[in-house]
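> Prediction below, plus the sequence it came from.
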Amino acid sequence: MKQTEMLAMILAGGRGSRLKTLTSKIAKPAVSFGGKYRIIDFPLSNCANSGLDVVGVLTQYESVFLSSYVSQGRYWGLDTRDSGVFAIAPREKADADLDVYRGTADAISQNIDFIDTYNPEYLLVLSGDHIYKMNYSKMLAYHKEHKADATIAVIGVPMKEASRFGIMNADENDKIYEFQEKPKHPKSNLASMGIYIFTWKTLRKLLLQDVNNEKSSHDFGKDIIPALMAAGRNVFAYRFKGYWKDVGTIDSLWEANMDLLDHSNELNLSDPTWRVYSEDPTDLPQYIGPDADIDTAYITQGCRVDGKVMNSVLFTNARVDYKAVVKDTVLMPGVTVMEGAKVTRALVADGVTIGKGAKVGSANSAEILLVDSDVEGVK
């Protein structure tokens, strides 16, 4: 098997507990997004479009479906003799209350043998639960240009929100001199995107030292990056300009889907120059009935609309019946809104049925309502 210049490892073992019941049976990266995609499709498509050959996907929590899904490398064109997507489960089985991996760095440490098989010069480490499009080959060129030991992708966030993120403080040349984990008083607004490129030999030595450090939390942000800086290594910030969303809550998942309604949105899932690949759909085209009333909507194939849809996103095989009203809402795959029902400002989970005449959600609610079970109709 040929060696690869840069190998990607996607951290996809998170529980996603803030997504509530959406992740009760599947891992967060497997959650549906954007009509016909899954969250994991975005980093995998970025890898394919960036010319990477080998991608390891580290699973842990509720890994069965995710492992099966990512193993279909043909979805992303990563199924040739010299390329592939590999789902890698922990050596030990994780139970409902215990994670096998002690931290993000430990997840890589436990899979050094897999990485060494390809003897990469550089290692790309990614979070598997963010929505964005990014050319990693450009980031690698930046890494080489600066002779960096580590390069961290950062994005500017509003200062009032900076305390929610890991903040990278950098000099005028974008060399990072300090990392602050969710600081109360941030010094900058350069938030880590959870995207790292390391020179593998350097990182490998540090990981082996970290494994037996009882005081370490075995985390890239808390331990590995600070250790690199303390050793005087070159750690640089790579400034990303474009769409990026951490969809870790119901509200943020709803917001990211609703962003698709904006034609000027930088995510643009229809861009032929940077495709987002996914499982090949086999559903029929959407059907818009003669009595349907649609005002600003993102409607995916397999949907049937006979009612009123306003400012909403409909995933594959969603159905809105006659005289039903869906407003400011995301309907996930297979949702049915029956005749006369009204759904407002909500995210409705896969396969849920809203019964006839039922009223769900409120235009004045502070938070988005998650509807995760069938709603009985009005009798």
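Here it is on my side, so go on.
> so where's the longest strand in the chain?
strand 190-199 (DSSP state E).
> what helices or strands is that strand leaning on?
When contacts are defined as 3 or more CB pairs under 8 Å, 6 or more residues apart in numbering; DSSP states H and E, strand 190-199 packs onto strand 122-127, strand 130-132, helix 136-145, strand 150-156, strand 166-170, strand 235-239. Just so you know, the C-beta spots here come from the backbone N, C-alpha and C atoms, and that holds for glycine as well.
> Report the mean confidence score over the last one.
Taken as a whole, strand 235-239 has a mean pLDDT of 97.
> for stretch 317-334, same thing?
For stretch 317-334, the mean confidence score works out to 98.
> Stretch 62-70 too?
Here the average pLDDT along stretch 62-70 is 90.
> Now do the buried residues in stretch 186-194.
Buried positions in stretch 186-194, judged by neighbour count with 16 or more other CB atoms under 10 Å: 186, 188-194.
> chain center to it: distance?
Stretch 186-194 sits 18 Å away from the centroid of its parent chain (CA atoms, centre = their mean, to the nearest Å).
> Check the separation of the first and last residues in that stretch.
18 Å (CA to CA, to the nearest Å).
> Helices along the protein, start to end?
41-49, 63-70, 104-109, 112-118, 136-145, 200-211, 225-230, 250-258 (DSSP state H).
> closest to G77 out of these?
Nearest to G77 among the helices of the chain is helix 41-49 (5.3 Å), distances taken as CB to CB.
> just the angle between that closest one and strand 122-127, please?
160 degrees (axes from the mean of the first three to the mean of the last three CA atoms, to 10 degrees).
> helices or strands up against helix 41-49?
strand 6-11, strand 54-58, strand 122-127, strand 130-132.
> hmm, back to that, redo the helices and strands packed on strand 190-199 as CSV? Include distance to I250.
Shown next, in CSV, are these (distance: least, CB to CB, whole Å):
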stretch, distance to I250
strand 122-127, 19
strand 130-132, 15
helix 136-145, 29
strand 150-156, 22
strand 166-170, 23
strand 235-239, 30
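> Which one of the ones you listed lies nearest to N265?
With CB to CB as the yardstick, what comes closest out of the helices and strands packed on strand 190-199 is strand 130-132 (11.1 Å).
> Direction included, what does that closest one pair up with?
strand 244-246 (antiparallel) (DSSP bridges).
> ok so, going back, gap between the longest strand of the chain and the chain center?
15 Å.
> What of stretch 306-321?
The answer for stretch 306-321 is 24 Å, by CA atoms, centre = their mean.
> same deal with stretch 35-43?
Using CA atoms, centre = their mean, the offset of stretch 35-43 from its chain centre is 8 Å.
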